[in-house]
Structure formats: structure tokens, C-alpha cells
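Chemist: Provided below for reference: sequence and predicted model.
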Amino acid sequence: MLTVNFKNQFKDKLIYDSIVFDNIDENVKLHEETKGNPLSSAAACLNVLGSMMNNQIELLCFLNHFDLEIEELIEFPSNCIVGDSLYTDKGYVVFEWVGPQISPINEKGGGRGNYRTSIDAFIIAKIKRKITQLLIEWKFTEGKSRPLALERFAGSKGLERLNRYANILVSMRGKSDFPFNFSEEKGLGLYDLSADHLYQLLRMTLLVKTTTPIEIGGLKIEDYRIVHMSHSQNNDIEILHDKYLESCPGLKKYAGMKMYDVGYDILSPYDKEKFKSGHWDKAIGNIKNVELRDYLKKRY
């Protein structure tokens, strides 16, 4: 099912409703493969969430499959300024979110979808009566359609990345909401988060913690959730395989475990409740629109 041969049957309709592109800020740099690669993770995210981005009821049914306990979705306040950055996106879902124009996690230059930590999907919701920002990471055929990046902190670029994110974590050290389950000296450390999935979790966590609280178009964001979604049939990214451990000695005790269980366990007690994960293909059955549901179930 996760092969080019299977997906090519949809080459004439890779995106269910192309109106999704009209709702995205024109300055966003979408992945080049979005409109042409049937195995594109970015396209899958746009196809599922983008097809519901103007329908609160459908989105609620889909998102609450992941135990988010959302009470209400809040439409993104289009044409708002967030830290000197203008967002003209429309609907309940914003794609390639970066937050303020000047990166709060020390990333230099770049923009939405380009040389910055760009969140696949961003949503504002009320959870436990608090206005909450949801940062969603969307995985599909990674590891099958392309090699996984396993050593983000190796080499000269790795040194730059280590320095960039270590400085953020040092500023949080000793606080009750420090995000990761690091000991003082031995065991799990920053270098162990260099494999693809955990590197994404690291950057998302730092971004959301440095932007909560924040004001977005008059909305005062009080809380956050990080949501990692993957496809149930992609075993390459479901399990912490041995290949992940070559440069991550602090993860050896997790060998063979489900990747998202590892992600949950390495978070501090404070951030555990902020982290949700699951299979987006399993949530498609919650969609009420029969035509959309049938297309997505067949497609994915």
C-alpha cells in the first residue's frame, strides 16, 4: 500500500480538494513534491487536514481520535501579525507554521517551509477551557520513500545544531517545566535526539515552549500540545530499530520499542501530558463526509 505502484492510481487526483492551496499564505514555500509525488508526507497532511480545514465538526471528530479532548476549535485570525511576521492563512489549519519572524530557537534566516523549523499543521483550540496551540508533525512513507536522517548532530552542521538547541535547553535547566528526562551527568542527553523522529520532537518542543504564552490576532495562547501522527503500515518509523542506536547510546534501553512510546518516555513529567501520538490513517474512519472519507480510505 505504501508503494509508488499502488499510489500511482491516484496520479490524476493526488489532492482531494485543491482549494486548500487558496487558503495558504502565498509566501509559504510548500515542498516541491506536494503536487506531484503520491508518497509525499506533506501532500498527505494537506490532503487530509486541508480537506477539512473549514469544517470544525469534521476536524473535531478527526483530532479527538488522538485523545486531545478538544472542546472547541478556533478559526485562525487571518491577516494577523505574530512576532513581526504576517500570516494571511484562512481556516482552522495553518500549514508550515514557524511562529515569530525571528526564530525563538536560534535558527538563522529562512521562512515558512524553508530552512526553519516549520510545523506541518498548526491549530488553535480550547482544551480544558484554555486557549491552546496544537503543533502537528505528520509522517507517512519516511524510511521507505527516502532514507531517514539518523545523525543530525554529526559533522560540522551537527555542531551548529547542538550549540543552537543546547543554548535553549540550558536557559530552561533547573526549571520545573524542563521538557526532557535528562539526568545531571549520565544517561539520556541531547545527542541522543539526533535521529529523525526524536529530532523533530526536540525542535517542536523547544518551539512550542518558547512561544507559550503568545498572542495571535488578539487570542492569548495559554497552553500547548504536540501531536505526532504516523501511518500504521510504516514499520520503518514505528519501531526504534537498531539503526537508530548507532549514534544514540542513551536510547539503547528502548531498543525494539514503539517510537512514540520512546518519545513519551523521554519527556519530563510536566510535558508528558502535552504529547499525543497515533495513526492518522486509523482516524480517517471518523470523517462524516462519505465522499471524502471513501477517497481518503482508498488513497491511504
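Modeler: Sure, I can see it.
Chemist: which of the helices or strands spans the closest residue to residue 142 other than its chain neighbours?
Modeler: Here the nearest residue to residue 142 in space, its sequence neighbours aside, is residue 237; by C-beta to C-beta, 6 or more residues apart in numbering that works out to 5.5 Å. Quick note: C-beta positions are derived from backbone N, CA and C, even for glycine. Counting by DSSP states H and E, the element that carries residue 237 is helix 235-238.
Chemist: contacts for the helix or strand that that helix is followed by?
Modeler: Under the assignment DSSP H and E, the closest C-terminal helix or strand after helix 235-238 is helix 259-265. For helix 259-265, the external contacting residues (C-beta atoms under 8 Å, 6 or more residues apart in numbering) are 181, 197-198, 201, 228, 230, 237-240, 251, 254, 272, 275, 277-278.
Chemist: next secondary structure element downstream of helix 259-265?
Modeler: Sequence-wise, the next helix or strand beyond helix 259-265 is helix 269-272, with elements assigned using DSSP H and E.
Chemist: what residues of that next one count as buried?
Modeler: Judged by neighbour count (16 or more other C-beta atoms under 10 Å), helix 269-272 contains these buried residues: residue 271.
Chemist: other residues contacting that helix?
Modeler: By C-beta under 8 Å, 6+ apart, the list of residues contacting helix 269-272 from outside reads 176-180, 205, 264.
Chemist: next structured bit after that helix?
Modeler: With elements assigned by DSSP H and E, the helix or strand that comes after helix 269-272 is strand 275-279.
Chemist: show the average pLDDT along that next one.
Modeler: In this model, strand 275-279 has a mean pLDDT of 97.
Chemist: what strands line up against that strand, and which way round?
Modeler: Paired neighbours of strand 275-279 in the sheet (DSSP bridges): strand 223-230 (parallel).
Chemist: dump the partner strand to PDB, keeping only the CA atoms.
Modeler: Written as PDB, here are the backbone C-alpha positions of strand 223-230 (Å, rounded to 0.1, in the frame of the first residue of the first chain):
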ATOM      1  CA  ASP A 223      -1.200  26.200  26.700                       C
ATOM      2  CA  TYR A 224       0.100  23.700  24.100                       C
ATOM      3  CA  ARG A 225       0.000  20.200  22.800                       C
ATOM      4  CA  ILE A 226       2.400  18.400  20.500                       C
ATOM      5  CA  VAL A 227       0.900  15.800  18.200                       C
ATOM      6  CA  HIS A 228       2.900  13.200  16.300                       C
ATOM      7  CA  MET A 229       0.900  11.400  13.600                       C
ATOM      8  CA  SER A 230       2.200   8.500  11.500                       C
END
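Chemist: hmm, who's touching it?
Modeler: So strand 223-230 is in contact with 63, 66, 68, 127-128, 130-140, 197, 200-201, 204-205, 208-209, 212, 237-238, 259-260, 263, 274-280, going by C-beta under 8 Å, 6+ apart.
Chemist: drop anything exposed from those.
Modeler: By the neighbour-count criterion of 16+ other C-beta under 10 Å, the contacts of strand 223-230 include these buried positions: 63, 66, 68, 127, 131-140, 197, 200-201, 204-205, 208-209, 237-238, 259-260, 263, 274-280.
Chemist: so what's residue 286 up against?
Modeler: Residues counted as contacts of residue 286 (C-beta under 8 Å, 6+ apart) are 61-62, 65.
Chemist: make it 10 Å
Modeler: Residue 286 makes contact with 58, 60-65, 293 under the criterion C-beta atoms under 10 Å, 6 or more residues apart in numbering.
Chemist: read off the pLDDT value for it.
Modeler: Model confidence at residue 286, expressed as pLDDT, equals 96.
Chemist: with adjacent residues omitted, what lies nearest to it?
Modeler: Closest residue in space to residue 286, ignoring its immediate chain neighbours: residue 61 at 4.4 Å, by C-beta to C-beta, 6+ apart.
Chemist: do a quick rundown of the strands in the stretch 51-200 of the chain.
Modeler: Per DSSP state E, counting those that start in this stretch, the stretch 51-200 of the chain has strands spanning 70-74, 80-82, 85-87, 94-97, 119-127, 130-138. These are given in chain order.
Chemist: can you list the weak-confidence ranges in the protein?
Modeler: Residues of the chain that meet the criterion pLDDT under 70 lie in 7.
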